[in-house]
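Undergrad: Mind looking at a prediction? Sequence and model below.
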Amino acid sequence: MLTCANSGSLKMTIRYVLLVSLIVVTGCSQKSPLIYSPETKLSTSPTPLSVLSDRPTSTPTHSFEVKLQKSPPTPVRVELKGPEPHVFSLEAKNSQSSFSFELIPPGDYQLSVTAKGFEEFSLPIQIPESDSITVALSPLPSYLEQKEKEAKKKAAEAEEKRKAKEIARKEKEAQNTGIWRIRHFVDEFGEDTDEAYMTNSSSFIGTFSNSATENSELLVDLIIRSDNSIKGKHYPRTSIQLYEYGGNNPVKAYGKDTYSVRVKDAEGKVYSLRAANFSDRLIITYDDAPKLHSALMKGGKILFSINENDAPTSYQFSIPSASYYSNAWRILSKGK
């Protein structure tokens, strides 16, 4: 039987061994938390450069603009082609003149600009050394010829439309009779006959004077017929109806009253005419009717001064504008 001289020391040694074993077993079976103590030493060694270089870094990007000196009327395609996968393209169907590329990595690129009917533009560029470029596209000869043909065709069509429009305008203008109207004489039953005449649409205004009044109101109507009884030539037969005091009954004659008529046309030329009243109108003589007709054909303002030969009665009136008299006379005399 062994006997320990110092039993207390032996007991302490056994307890220490058991405690150390327990700690080792526990540390192997579960993770222990990181505990900072004065004895803990933190590493201050720098991370190797090889490790840093392996980490991903962001690449700077740039913008690039392509400007067209003149926008073609056809669709345009602009392409920046670099090493794969750096290929960028923009297209426009309308007349776009500027194309902007964004987020372009630096490097060497091939710029190409294409449009139907134009020569392809191609140029190597470096980004970011270049940030913009202005391109002038050259049209192909065939394209120019086609455009020239189209322009000629369009011009010819426009000219045809212009001529048609001008013809329509002239036809409409030819039917414009201004203040003049074509009417027909009526028979005893008040119905229109085949005999036509032209007259003013509203009465001309003037004044008259005689032994009983001075500068009283006067209304005047012209009645113009086309007489072709002389050698088949259309001849104007002109009558003047005078309404004293602005009434409804024209001046009448109960025999033959003669008058002297003076007319000044729009150009200032003065005509001396003769007229006679056999009923309710002054009829310009055959010889003088063409003179009045000539004055009216000029259009413009016409002045009249009429004096009764055997009485102190005078009449003054004017036609403010005889324009389109020639159209009315053509329709009256020729029926068109």
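TA: Cool, got the structure.

Undergrad: gap between A212 and Y259?
TA: Distance, A212 to Y259, by Cβ to Cβ, to the nearest Å: 19 Å. No exception for glycine: its C-beta is placed from N, CA and C like everyone else's.

Undergrad: neighbour-wise, which of these two wins?
TA: Of the pair A212 and Y259, Y259 is the one with more neighbours under other Cβ atoms under 10 Å, namely 23 against 8.

Undergrad: out of everything not next to it in sequence, what's closest to the more buried one?
TA: Nearest residue to Y259 in three dimensions, chain neighbours excluded: A275, at 4.5 Å (Cβ to Cβ, 6 or more residues apart in numbering).

Undergrad: Three-state assignment for that neighbour, please.
TA: Under DSSP: H, G, I helix; E, B strand; the rest coil, the three-state class of A275 is strand.

Undergrad: right, and it touches I240 too?
TA: Yes. A275 lies in contact with I240 (Cβ atoms under 8 Å); the separation is 6.9 Å.

Undergrad: Output the lowest mean pLDDT helix or strand found in the chain.
TA: Each helix and strand of the chain was given a mean pLDDT (mean pLDDT, DSSP states H and E); the minimum falls on helix 49-53 at a mean of 41.

Undergrad: what's the first-to-last distance across stretch 67-82?
TA: Taking Cα to Cα, to the nearest Å as the measure, stretch 67-82 stretches 20 Å from start to finish.

Undergrad: re the thing from before, what residues are up against the residue nearest to Y259?
TA: With contact taken as Cβ atoms under 8 Å, 6 or more residues apart in numbering, A275 is in contact with 240, 258-261, 282-285, 288, 306.

Undergrad: Overlap of the contact sets of A275 and I240?
TA: Where contact means Cβ under 8 Å, 6+ apart, the residues bridging A275 and I240 through contact with each are 261, 282, 284, 306.

Undergrad: and the top strand by length along the chain, average pLDDT?
TA: Selection of the longest strand in the chain by residue count, based on DSSP state E, yields strand 216-230. On average, the pLDDT along strand 216-230 is 89.

Undergrad: Okay, strands next: where are they in the stretch 1-150 of the chain?
TA: With strands called from DSSP state E, counting those that start in this stretch, the stretch 1-150 of the chain shows them at 62-68, 76-81, 87-92, 98-104, 107-115, 121-127, 132-135.

Undergrad: got JSON lines for those strands, with mean pLDDT too?
TA: As requested, the strands of the stretch 1-150 of the chain are exported to JSON lines (pLDDT from 0 to 100):
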{"stretch": "strand 62-68", "mean pLDDT": "94"}
{"stretch": "strand 76-81", "mean pLDDT": "94"}
{"stretch": "strand 87-92", "mean pLDDT": "89"}
{"stretch": "strand 98-104", "mean pLDDT": "92"}
{"stretch": "strand 107-115", "mean pLDDT": "94"}
{"stretch": "strand 121-127", "mean pLDDT": "93"}
{"stretch": "strand 132-135", "mean pLDDT": "94"}
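
Undergrad: S201 is nearest to which of these?
TA: Shortest separation from S201 across the strands of the stretch 1-150 of the chain is recorded for strand 87-92, at 61.7 Å, computed as Cβ to Cβ.

Undergrad: Now do the closest one and strand 107-115, the angle between them.
TA: Here strand 87-92 runs at 30 degrees with respect to strand 107-115, directions being taken by axes from the mean of the first three to the mean of the last three Cα atoms, to 10 degrees.

Undergrad: okay but D108 is in contact with P128, surely?
TA: No. Contact criterion Cβ under 8 Å: D108 and P128 do not qualify, at 11.7 Å.

Undergrad: Quick check: Q316 vs L242, distance?
TA: For Q316, the distance to L242 equals 11 Å [Cβ to Cβ].
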